[in-house]
Structures are given as C-alpha cells and as structure tokens.
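Trainee: My questions concern the predicted model and sequence given below.
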Amino acid sequence: MVALNTLIEYRKDRSEALSSGRKKGGGILLYVPDHVTSRELITRNIDGAESLWIICNFDGRLLLVGALYILLWATAGQTKELFAHIEDVLDQFPTHDHVLIGDLNIDLTPGLTSPYAAMINDLCSKYNMEDKVTGPTRITGISATKIDVMLCGPPASHIRSPATPLSDSDHHLCSTAATYHSTTPKHHVVSFRLWKHSSDEDFFCTCCSSHQGIRSI
C-alpha cells in the first residue's frame, strides 16, 4: 500500500481466519491528514465483518469515524452482532460527531423491504445520524443496488453527495464533506473499493480526479 508524506495510515488487514480459505487479501484502510490529531480505537473482532475505528480532532471538534465491511458470506446473526458492536462504540462517545462508512453487502435500495434497512433507520434515529449516500452504489449490466452507507451525525454537519461512477469499477465512489467552519483545511471522507484498480497509483489518481481537495480517506 502507498505511504504518503502528508497522510497517516490506519489499516486492518483481513485475517486468514476471516477469509475462511477463500480469496486472500482485503481489509480496511483509512488515511487521515497529518495535521489532524487522530488515534485508533482498539475494539473487538466480529466474525463475518470488519471494522476500524478512529478518533479525529478538528480544532477541538471531535469526530468518531468507523469504517465497516460485512463479508458476503456473513450470517444474519453475525450481521446483527456487528450492529450491536456499532451501538457499543457509539455509546462510548456520545458527544462526538459520527461518520460511519460501510460496504454492507446488503441491498438497501429504497423501496425494498429489508430487516437491515429497519436496523439502520433505528440506528440513525437513536444516534441522530443520516445516510448521506444517494442513489445506487453498485451498478452492473443487470442490476443497480445500494449496498453502501455513510451515516453522519449530526446530519447538518455533513453534506449529501451523489455516488460518483468510476471508470474501472462497478462500485461507485461515495463521499461527504463537513459543513462546519475549521481553521485547518476542510476535510472530506471518501469510501470506495480498491481491488479493481491496477495499481496503488491508479487508485489515488482516480480518487483525486473524482474529488478535488480531498483531505482524508
């Protein structure tokens, strides 16, 4: 993975046990500008899912960022355990702003009946968050589904952005930006898949061309 001089890297590689003998690779990666004070939270592992949590301090405004991924083969019980884990973490930081980004591998297309959609709505209601992702986030030749979320709270602190197509992936780029004033450069949070990019350099070139002025990933 590329190391950049102006960004601090937080990563959680997919364990061999979590891969269960399937295709190797995967995990979660976050970049934070080095002028922002940040630290990683040590949390328990969840079977069938991955999560990485960090705390950022933007001029005294504290932000809890959680990056989430539910594996394709996760059971319903494991998915519910992840939601319980999310609540456990949020309960520890009730005065922080929240940004939860995730590829949930669950069809959350508006209008569909899903127990997980209800769980996300309950989560947003309880912790004053709003999903800033609009439209489908994975488009193939036969389907268009919304499987990503970007839950931000309080809702007025972050803008709603449409998912942006990427030329070499069927998985769209999702992003949001803070609306509050900061003396440091305005930060962005961006989430999208890396595996279809031919190189690390392609990844960053695509990211930067799609969202100018990105400060954090």
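Mentor: Structure's in. What do you need? All values reported here derive from a predicted model rather than from experimental measurement.

Trainee: ok, now which ones touch residue 140?
Mentor: For residue 140, the contacting residues are residue 170, by CB atoms under 8 Å, 6 or more residues apart in numbering. Yep, even glycine has a C-beta here, placed from its N, CA and C like the rest.

Trainee: let's see it at 10 Å
Mentor: Taking CB atoms under 10 Å, 6 or more residues apart in numbering, we find residue 140 in contact with 170-171.

Trainee: pLDDT score assigned to it?
Mentor: The per-residue pLDDT reported for residue 140 equals 81.

Trainee: Tell me how far it lies from residue 59.
Mentor: Distance, residue 140 to residue 59, by CB to CB, to the nearest Å: 42 Å.

Trainee: so what's the residue nearest the centre of the chain bridging to?
Mentor: The residue lying closest to the centre of the chain (CA atoms, centre = their mean) is residue 101, at 2.2 Å. Judged by DSSP bridges, the bridge partners of residue 101 are residue 67, residue 150.

Trainee: Quick check: it vs residue 123, distance?
Mentor: Taking CB to CB, one finds residue 101 at 14 Å from residue 123.

Trainee: who touches both of those two?
Mentor: With CB under 10 Å, 6+ apart as the test, residue 101 and residue 123 both reach 149, 151.

Trainee: ok, how many other residues are close to residue 96?
Mentor: Counted with other CB atoms under 10 Å, residues neighbouring residue 96 total 17.

Trainee: Which pLDDT value belongs to it?
Mentor: Residue 96 is given a pLDDT of 96.

Trainee: Could I get the phi/psi values of it?
Mentor: When read as degrees, to the nearest 10, the backbone of residue 96 gives phi -80, psi 150.

Trainee: Do I have it right that it meets residue 61?
Mentor: Yes: contact criterion CB atoms under 10 Å: residue 96 and residue 61 qualify, at 8.8 Å.

Trainee: What would the longest helix seen in the chain look like as CSV? C-alpha coordinates only.
Mentor: As assigned by DSSP state H, the longest helix anywhere in the chain is helix 76-92. Extracted as CSV, the C-alpha positions of helix 76-92 are listed here (Å, rounded to 0.1, in the frame of the first residue of the first chain):
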residue,chain,number,x,y,z
ALA,A,76,-27.7,-12.9,9.8
GLY,A,77,-26.5,-13.5,13.4
GLN,A,78,-23.1,-12.1,12.6
THR,A,79,-24.6,-9.0,10.9
LYS,A,80,-26.8,-8.4,14.0
GLU,A,81,-23.7,-8.7,16.2
LEU,A,82,-22.0,-6.0,14.1
PHE,A,83,-24.9,-3.7,14.6
ALA,A,84,-24.7,-4.3,18.4
HIS,A,85,-21.0,-3.6,18.3
ILE,A,86,-21.6,-0.3,16.5
GLU,A,87,-24.0,0.8,19.2
ASP,A,88,-21.5,-0.2,21.9
VAL,A,89,-18.8,2.0,20.3
LEU,A,90,-21.2,4.9,19.7
ASP,A,91,-22.4,4.8,23.3
GLN,A,92,-18.8,5.4,24.4
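
Trainee: Next, the buried residues of that helix.
Mentor: 79, 81-83, 85-86, 89-90 (16 or more other CB atoms under 10 Å).
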